[in-house]
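S.K.: any chance you can model this:
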Amino acid sequence: MKQFLLIISLVCSLTSCIKKAPLNPEADIETFTVDKTFLTGDVVIDQANRKILLYLQPEAYKNGIVPKIVVSNGATLSPASGDSLKFGSPISYTVTSQSGVNRKKYDVVVVMVGSWTFNFEWWGINDPNQYEFPYGDDGAQVWTSGNPGIAITGVDKRPDAYPMRSTTDGYLGTKAAEIVTLPGNDISKMIGIKIFPGSLFLGNFNSSSAMTNPPAATEFGQPIVGHPVRFTGYYKYAPGPLFQDSDGNTVNSMTDRCAVYAILFNGPQRLNGSNILTANTIVARAVLPDQSAKSDFTRFDIPFDYTGGSMPGNQLMLAIVASSSAEGASYRGAIGSRLVVDSLRIIMQ
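M.R.: A predicted model of the protein is given here:
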């Protein structure tokens, strides 16, 4: 009898020690799936700015869509997954975490690139990280940069702490895009990133891949209709004093170079940092040939080269990429390199 009571006592003690697992505090939209026949480009979940970016065929915009949405484990969504969306008025989703502590609102944005002239006159600021991003002259937010990934490393929350920002040192108008190569910080160096090369590109930055697979985080391209023939614009460039390799060692025999190019490719899947110049879906290229220093604004006019590319399909996408360090994707470059671009334009046939 005493042994039986001892067992009961132990069971009760163990039961009292077992606590319920904490409720999940996350409140994210993890996937947002739309029938691909309705899309001109893959859906983008912009976690940094809490936006769902849709690239729709005209009929889908007119008739509406029925998305399938996956949220964080245990979270609730309003409106619900599977509800029909009709466009013409603002649309947003609210995700409430399982714990009820966190709530996030995602705005749905239908992206239509109506103009392929970019003067970089209009800029927004991400809250709370305080990095800048440009709007198109027609109000479309089609540009991004590596800034969202750099924010994860804990840089100071002010625009000039990031490698891509606006500048009043422009060619036309009041502003231009300034792209610089900055030193990495303690957190980035822990994962082998010694420099923050500046970048600006058409597409999306996927913050969820920034620390684990940086090349996959840069998702290049926006849908385009038509036949691009030339890529024009203005730039100036000053390389930093000391080129360094990915380990942070100075390479005296090398001078940093900028990179400015446009890539036309078959979508709807975007290209990334591992295949932007090599993918077999590339149709044509327009690459700035002179990547050296330019103290004054210099005009470029580059024809698209269609030789050796894939045949164009019916879901074309275009990426424009500018970087202050041409080998920045491999974290090679010079701290202090500075590229300014202004008045970029894609000329159609």
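
S.K.: what about the strands in the stretch 201-349 of the chain?
M.R.: Counting by DSSP state E, counting those that start in this stretch, the stretch 201-349 of the chain has these strands, from start to end: 218-220, 222-223, 228-238, 243-244, 259-266, 282-287, 294-303, 316-323, 333-334, 338-348.

S.K.: pull the distance from the second one to the chain's centre.
M.R.: Averaging C-alpha coordinates over strand 222-223 and over its chain gives two centres that are 13 Å apart (CA atoms, centre = their mean, to the nearest Å).

S.K.: for it, packing partners?
M.R.: If you count contacts as 3 or more CB pairs under 8 Å, 6 or more residues apart in numbering; DSSP states H and E, strand 222-223 packs onto strand 39-46, strand 316-323. The way it works is simple: take the backbone N, C-alpha and C, and place the C-beta from them, glycine included.

S.K.: may I have the strands that pair with that strand, each with its orientation?
M.R.: As defined by DSSP bridges, the strand partners of strand 222-223 come to strand 316-323 (antiparallel).

S.K.: what of the third one?
M.R.: Strand 228-238 pairs in its sheet with strand 294-303 (antiparallel), strand 338-348 (antiparallel), by DSSP bridges.

S.K.: mean pLDDT for the helices and strands packed on strand 222-223: which is lowest?
M.R.: Of all the helices and strands packed on strand 222-223, mean pLDDT reaches its minimum on strand 39-46 (a mean of 87).

S.K.: what's in contact with it?
M.R.: Applying CB atoms under 8 Å, 6 or more residues apart in numbering, the contact partners of strand 39-46 are 29-34, 52-57, 60, 106, 111, 204, 219, 221-223, 267-270, 315, 317.

S.K.: next up, the contacts around the nearest residue to Ala210 once chain neighbours are set aside.
M.R.: Closest residue to Ala210 apart from its sequence neighbours, by CB to CB, 6 or more residues apart in numbering: Gly149 at 3.5 Å. Contact analysis of Gly149 by CB under 8 Å, 6+ apart lists 205, 207, 210-211, 214, 217.

S.K.: tell me the SS of Gly149?
M.R.: Three-state assignment for Gly149 (DSSP: H, G, I helix; E, B strand; the rest coil): helix.

S.K.: what sits against the spatially most central residue of the chain?
M.R.: Nearest residue to the geometric centre of the chain (CA atoms, centre = their mean): Phe205, 1.8 Å. Residues in contact with Phe205 (CB under 8 Å, 6+ apart) are 48, 144-149, 217-219.

S.K.: what is the nearest of these to Val341?
M.R.: Lowest distance from Val341 to the contacts of Phe205 (CB to CB) belongs to Ser145, with 12.0 Å.

S.K.: that closest one reaches Phe201, doesn't it?
M.R.: Yes: judged on CB atoms under 8 Å, Ser145 makes contact with Phe201 at a distance of 7.0 Å.

S.K.: before we move on, back to that, if you rank the contacts of Gly149 by neighbours, which is first?
M.R.: Phe205 (24 neighbours; other CB atoms under 10 Å).

S.K.: and that residue, how far from Tyr55?
M.R.: For Phe205, the distance to Tyr55 equals 16 Å [CB to CB, to the nearest Å].

S.K.: returning to what we had before: and among the strands paired with strand 228-238, the most buried is which?
M.R.: Sort the strands paired with strand 228-238 by mean neighbour count, taking mean count of other CB atoms under 10 Å, and strand 338-348 sits at the top with a mean of 21.

S.K.: what about Ser89, neighbour count?
M.R.: For Ser89, the count of nearby residues is 5 (other CB under 10 Å).

S.K.: what's the answer for Asp83, then?
M.R.: Here the number of neighbours of Asp83 (other CB under 10 Å) works out to 12.

S.K.: one more: the one 10 residues further on?
M.R.: Here the neighbour count serves as a burial measure; for Tyr93 (other CB under 10 Å) it reads 23.

S.K.: swap in Gly154?
M.R.: Gly154, neighbours per other CB under 10 Å, totals 12.

S.K.: swap in Arg257?
M.R.: Around Arg257 there are 22 residues (other CB under 10 Å).

S.K.: quick one, what contacts the nearest residue in space to it that is not next to it in sequence?
M.R.: With sequence-adjacent residues excluded and distances taken as CB to CB, 6+ apart, Arg257 is closest to Gln291, at 3.7 Å. Neighbour list for Gln291: 237, 257-260, 326 [criterion: CB under 8 Å, 6+ apart].

S.K.: reformat those as TSV; add pLDDT.
M.R.: TSV is the format used below for the contacts of Gln291 (pLDDT from 0 to 100):
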residue	pLDDT
Tyr237	99
Arg257	98
Cys258	98
Ala259	98
Val260	99
Ala326	98
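
S.K.: which one of those residues has the most neighbours?
M.R.: Comparing those by number of neighbours (other CB under 10 Å), Cys258 comes first, having 30 neighbours.

S.K.: returning to that earlier point: what pLDDT does the residue nearest to Ala210 get?
M.R.: Note on Gly149: pLDDT of 93.

S.K.: do the same with the one 5 residues further on
M.R.: In this model, Gly154 is scored at 93, pLDDT.

S.K.: repeat that for the one 10 residues further on.
M.R.: At Met164, the model reports a pLDDT of 99.

S.K.: partner residues bridging it?
M.R.: Note on Met164: beta-bridge partners by DSSP bridges are Ile179.

S.K.: all good on my end, thank you.
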